[in-house]
Every structure is written in C-alpha cells, then in structure tokens.
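Novice: here is my input, please return the structure:
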Amino acid sequence: MPELPEVEAWVRELDPLVSRAAIEKAGPAHIATLKTFDPPLSALEGRRLAGSRRHGKNLVFPIEGDDLVVRVHLMSAGRLRYLTPSMKGPRTPMFRLRFTDGGELVLTEAGKKKRAGVWLVSPAQLDHDLAHLGPDALDVDAEALAEILGRERRQLHPLLRDQRVIAGIGRAHANEILLRARLSPFKASTELASEEVERLATAIRDDLQRALEMRELGKGDDDVYLVHNRLGKNCPQCDTHIARVDFEEHTIYYCPSCQTGGRLLKDRRLSRLLR
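Specialist: Model (predicted):
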C-alpha cells in the first residue's frame, strides 16, 4: 500500500500540474471506485483544481471556490498519474479527469479487488470523514509520541500502522522505522524508556524524510526499503540476515541482532510469538 512518502511525493508532483487548466470532463468512474453520488462528478466540469494536498494516506484536491473537494485513497493497488496530451492512457481507467489543455488525471488499480476510492464532498464533509485520523507522522515529536505510546499497552508494530493513532505509516515503514530505532516489533508501547521514545521519534522522522527524498527522485522499493521484503539479506546496520514473521494478511521483517537480542520470532500462524 502506498504510504506517506509515496503519497507526499505524488502530491508534490501533481500540485502544479492539476491546477494548470480547468476540468473539461469528469469521469468515467468505476462503480466500485466512486464512493459518492451527490454532488455528481459533472459538478466539476468547468471548474479548476486548486492544487493537491495530503491528509495521511489520502490525496486531496480542493476545488477553486472552496465549496468542493476531491479525495482519493489508493488502498493497496491504486495508482494516480497525470498524463500530458502526448501520453497514452489506459482504455478503461477507474477514474479520470480530463482538462481543457488535453492533460488527464487518471486512477488505475491492479488486481481483481477494486478497493481504491474517490469521493467528491464539501470541505466540512471531508473534515468529518477524516476526523478519525491521528496526527500526521511527520508532525509527531518525542513529546507527542510519548503521550501516544502511554495511552494503552500495545505492540509497537500494529500501533505504528494504526491510522487512528498516527497517520501515514503502513506495514513497510513500520518495519523500516523499528529497524532504525533498534526496537522489537512486539515490544509493548508502555514499556519504552524515555531514551527509547526519543530514538523511535527520531527514527520516524529520519526514515520518512529519507524515503520521501528518494521517492521524489523516482527511486523504487529496492532502493527505499532497507529491511521490508528483504528476507535473508544482510541488515544494513550489522550484516545479520533479515528475518520475518508471517501473519494471515501481512509479514513483519526485522533484524534479530538489532531488534530482538538475537532471538528469532516464531511464525504467528504456528506458535506464540517470542518477545
């Protein structure tokens, strides 16, 4: 799933492009992708986007006049691109805005499960829809993080990727952040010493900033990720082989030497995790 660095890089790339011309044609939109019907997409025609923004993992496109907003969530397989008039686009996109200068904003989604979403709402409705999200991960300092960690006893990996707690971090960057912080994915949030909280806050900032810079340079996952999806590769911090724990729907990658005192964590599907 695209996480904060990827979404922010797309927002920065799209911001000057989508505001260059008015919208000539809004749609088509797949029935599974368009999540709202009132107002209709046709309400965008003749209007102009006022750039692009990000709220957590959501891409937000305010409309000039401040009465409407387009929200896009890409889920795991969605991709959003701006096509110049000379570029060939997909025959049947999940969503498309065509601009009067010939450019297009196109949403595609790989796979059979169509989970990406597009909403056309008022600014007030947008605020209501996103009110459940926690603070943006790039805005969380050590003091704020300490307060978040102390609210309830939770394992660090699921806590970091809970959008209601901190917005923007997913499975991949939870792996990356915890490697940098040298903390076990399963350490309890309420058991961190003040020095560990500082280390975790620094790791969040440094990992996301590094990944954002690399995404803006066009780098892919192989360059961005140091531990995620790198089973058996050498840890960049100590050369120990990267290990993983498999769950039903996701996998956690970690370094035994840096994060768990040399212990291998057992497969969650087969036995109880070591901590």
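
Novice: so where's the protein shaky on pLDDT?
Specialist: Within the chain, the set of residues satisfying pLDDT under 70 comprises 267-275.

Novice: what ranges do the helices span in the stretch 101-250 of the chain?
Specialist: With DSSP state H, counting those that start in this stretch applied, the stretch 101-250 of the chain shows helices at 123-129, 142-149, 156-160, 171-181, 194-216, 221-224, listed in chain order.

Novice: how about the fourth one as PDB, C-alpha atoms only?
Specialist: These are the backbone C-alpha positions of helix 171-181, laid out as PDB (Å, rounded to 0.1, in the frame of the first residue of the first chain):
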ATOM      1  CA  ARG A 171       3.400  -2.000   7.200                       C
ATOM      2  CA  ALA A 172       6.500  -1.300   5.200                       C
ATOM      3  CA  HIS A 173       7.600   1.800   7.000                       C
ATOM      4  CA  ALA A 174       6.700   0.300  10.400                       C
ATOM      5  CA  ASN A 175       9.400  -2.300   9.600                       C
ATOM      6  CA  GLU A 176      11.900   0.400   8.500                       C
ATOM      7  CA  ILE A 177      11.300   2.600  11.500                       C
ATOM      8  CA  LEU A 178      11.600  -0.100  14.100                       C
ATOM      9  CA  LEU A 179      14.900  -1.300  12.500                       C
ATOM     10  CA  ARG A 180      16.300   2.200  12.700                       C
ATOM     11  CA  ALA A 181      15.100   2.500  16.300                       C
END
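
Novice: you'd agree R230 is up against Y253?
Specialist: Yes. Contact status for R230 versus Y253: in contact at 6.4 Å, counting by Cβ atoms under 8 Å. C-beta: built from backbone N, CA, C; applies to glycine.

Novice: so S42 sits in a helix?
Specialist: Yes. Read with DSSP: H, G, I helix; E, B strand; the rest coil, S42 is one of the residues of a helix.

Novice: my guess is it contacts E24. True?
Specialist: No. Counting by Cβ under 8 Å, no contact exists between S42 and E24, whose distance comes to 11.5 Å.

Novice: out of those two, which sits in the busier spot?
Specialist: Using other Cβ atoms under 10 Å as the criterion, S42 and E24 rank with E24 on top: 16 against 11.

Novice: ok, that one touching E104?
Specialist: No. With contacts counted by Cβ under 8 Å, E24 stays clear of E104, the gap being 9.6 Å.

Novice: tell me, what's touching those two both at once?
Specialist: Common contact partners of E24 and E104 (Cβ atoms under 8 Å, 6 or more residues apart in numbering): R98.

Novice: distance of R210 from H55?
Specialist: If you measure R210 against H55 using Cβ to Cβ, to the nearest Å, the figure is 22 Å.

Novice: between the two, who's got more neighbours?
Specialist: The residue with more neighbours, out of R210 and H55, is H55; 19 against 15, by other Cβ under 10 Å.

Novice: OK, contacts around the residue lying closest to that one once chain neighbours are set aside?
Specialist: On the basis of Cβ to Cβ, 6 or more residues apart in numbering, the spatially nearest residue to H55 that is not a chain neighbour turns out to be L130, at 5.4 Å. L130 makes contact with 55-56, 58, according to Cβ under 8 Å, 6+ apart.

Novice: looking at these, which is nearest T240?
Specialist: Within those, the smallest distance to T240 is 33.2 Å, found for G56 (Cβ to Cβ).
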